[in-house]
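Colleague: Following is a predicted model, sequence given first.
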Amino acid sequence: MSQNTVTVNIANKSLKIACPLGEESALLAAAHDLSARFKDTQAKAQTNSSTEQTMMMTALNLAYDLQKEKEASEKEKLALQSKIELLQSTIEQALSSPSSTINQARDKAS
């Protein structure tokens, strides 16, 4: 897979990062989001934290957000699976009902 080098700026540091071709804009967007979150965390800090401490808090906040999204996604997945099972059951009942009704009508006619 071909790669390209992309330069990003995070916490006033310039980093060159290898990136698969075609993924540059996603990497730049992620770096922009991280930089914005870093600045937000830095602004909310009650003490003069070091860059490393602020970056760790930013990473922890990102991990927390990711965990919450995973949990929400799992709940949604379970809810959709339940709906799919209900639909399958309803379809199976609908498909079996007409044939049993037809069979009952045939039996009565005989």
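Modeller: On my side now, so go ahead.
Colleague: is it true that L28 touches V8?
Modeller: Yes - with contact defined as Cβ atoms under 8 Å, L28 counts as touching V8 (6.5 Å). Every residue, glycine included, has its C-beta placed from N, CA and C.
Colleague: Helices of the chain, residue ranges please.
Modeller: Along the chain, counting by DSSP state H, helices occupy 24-44, 51-109.
Colleague: Quick check: buried residues in the first one?
Modeller: In this case it means helix 24-44. Buried residues in helix 24-44, counting neighbours by 16 or more other Cβ atoms under 10 Å, are found at L27, L28, A31, L34, S35, R37, F38, T41, Q42.
Colleague: Please identify which of these is nearest to Q88.
Modeller: L27 (41.2 Å; Cβ to Cβ).
Colleague: The nearest residue to that closest one once chain neighbours are set aside pairs with what?
Modeller: If the residues on either side of it in the chain are set aside, L27 comes closest to C19, at 4.8 Å by Cβ to Cβ, 6 or more residues apart in numbering. Note on C19: beta-bridge partners N4, judged by DSSP bridges.
Colleague: Looks like C19 contacts S2 (just checking).
Modeller: No - the pair C19 / S2 is not scored as a contact, 10.2 Å apart, by Cβ under 8 Å.
Colleague: where does this structure have low pLDDT?
Modeller: Scanning the chain for pLDDT under 70 picks out 1, 98-110.
Colleague: and K77, how many residues sit next to it?
Modeller: 10 (other Cβ atoms under 10 Å).
Colleague: for V8, that is, sorry about that
Modeller: 17.
Colleague: Of all the helices of the chain, which one is nearest K13?
Modeller: The nearest among the helices of the chain, by Cβ to Cβ, is helix 51-109 at 8.1 Å.
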